[in-house]
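Novice: my questions concern the predicted model and sequence given below.
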Amino acid sequence: DVKVTQSSRYLVKRTGEKVFLECVQDMDHENMFWYRQDPGLGLRLIYFSYDVKMKEKGDIPEGYSVSREKKERFSLILESASTNQTSMYLCASSLFTGGYQPQHFGDGTRLSIL
Amino acid sequence: SQQGEEDPQALSIQEGENATMNCSYKTSINNLQWYRQNSGRGLVHLILIRSNEREKHSGRLRVTLDTSKKSSSLLITASRAADTASYFCATDLIQGAQKLVFGQGTRLTINP
């Protein structure tokens, strides 16, 4: 089974801090994704990556950056955390096959910015 | 804007009954997928239906797709308390290159 591991289940940080959320997958998937999930808004795509050192903006990239130095690891960075970034963050991965592949999710990081 | 819209937003039924959730979308798709999320956990893939398919089954799950109406439904038969979760549809857009666009989900509660 594919395992997607997010480094923290719960995280509390202060406004203005630089925050790193880490995600590792163990199935050699090319695609990796970061979403945030908020009540009433569903899942929204922040950034995604098709390959090492490659990244593309999703629907809500403002205030975030990402890093993918190794195939198995995709990091989400909050450059200067703000209270409106308090949310559940979900990482996912999938095979690069031209479509028709499910995404595999981690258990999420519930991030609170105080 | 969200591509998929689930209906209803919340559904509460008795154990043993069937549960039906609907999803509508706006633009052409490669495939449509359904996911389940237990409280406080990540999403788990349930079933994928391609744009050229009309119906698909997996255990107690039945998914239909009507591309002319841009809609899909997920039927869970003989529901169990363990089916309590949120269910999301996700569309793989033709021009989306493997990105999925998720709906807001249906919160399903199965009462024992």
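Specialist: Everything's here; your move. Numbers count the residues shown, from 1 in each chain, chains lettered A, B, ... in the order given.

Novice: so where do the strands sit in chain A?
Specialist: A:4-6, A:10-13, A:19-25, A:31-38, A:42-49, A:56-57, A:64-70, A:73-78, A:87-94, A:104-105, A:109-113 (DSSP state E).

Novice: make CSV from those strands and add mean neighbour count and distance to chain B to it.
Specialist: All C-beta spots, glycine's among them, are computed from the backbone N, C-alpha and C. Output for these, formatted as CSV (neighbours: other CB atoms under 10 Å in any protein chain shown; distance: least, CB to the nearest CB, whole Å):
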stretch, mean neighbour count, distance to chain B
strand A:4-6, 19, 7
strand A:10-13, 13, 10
strand A:19-25, 20, 11
strand A:31-38, 23, 6
strand A:42-49, 22, 4
strand A:56-57, 13, 9
strand A:64-70, 16, 15
strand A:73-78, 20, 15
strand A:87-94, 24, 6
strand A:104-105, 22, 4
strand A:109-113, 18, 8
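
Novice: ok, which of those comes nearest B:Ile49?
Specialist: With CB to CB as the criterion, B:Ile49 lies closest to strand A:87-94 of the strands of chain A, at 16.7 Å.

Novice: that closest one pairs with which strands, and in what direction?
Specialist: Strand pairing for strand A:87-94, determined by DSSP bridges: strand A:31-38 (antiparallel), strand A:104-105 (antiparallel), strand A:109-113 (antiparallel).

Novice: list the buried ones in stretch B:102-109?
Specialist: B:102-108 (16 or more other CB atoms under 10 Å in any protein chain shown).

Novice: neighbouring contacts of it?
Specialist: A:35, A:40-43, B:2-13, B:19, B:21, B:23, B:35, B:37, B:76, B:79, B:83-90 (CB atoms under 8 Å, 6 or more residues apart in numbering or on different chains).

Novice: residue contacts, the residue most central in space within chain A?
Specialist: For chain A, the residue lying nearest the average C-alpha position, counting by CA atoms, centre = their mean, turns out to be A:Trp34 (2.7 Å). Listed by CB under 8 Å, 6+ apart, the contact partners of A:Trp34 are A:21, A:23, A:45-48, A:58, A:64, A:66, A:74, A:76, A:89-91.

Novice: so can I have a markdown table of the residues you listed showing pLDDT?
Specialist: Output for these, formatted as a markdown table (pLDDT from 0 to 100):
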| residue | pLDDT |
| --- | --- |
| A:Leu21 | 97 |
| A:Cys23 | 97 |
| A:Leu45 | 93 |
| A:Ile46 | 96 |
| A:Tyr47 | 95 |
| A:Phe48 | 92 |
| A:Gly58 | 91 |
| A:Tyr64 | 98 |
| A:Val66 | 97 |
| A:Phe74 | 97 |
| A:Leu76 | 98 |
| A:Tyr89 | 98 |
| A:Leu90 | 97 |
| A:Cys91 | 97 |
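
Novice: hang on, the earlier thing: which of the contacts of stretch B:102-109 are buried? Put it as a ChimeraX command.
Specialist: Selection of the buried residues among the contacts of stretch B:102-109 in ChimeraX, burial being defined by 16+ other CB under 10 Å:
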select /A:35,42,43 /B:2,3,4,5,6,11,13,19,21,23,35,37,76,79,83,84,85,86,87,88,89,90
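
Novice: CSV for the strands paired with strand A:87-94, including mean pLDDT?
Specialist: Shown next, in CSV, are the strands paired with strand A:87-94 (pLDDT from 0 to 100):
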stretch, mean pLDDT
strand A:31-38, 95
strand A:104-105, 95
strand A:109-113, 97
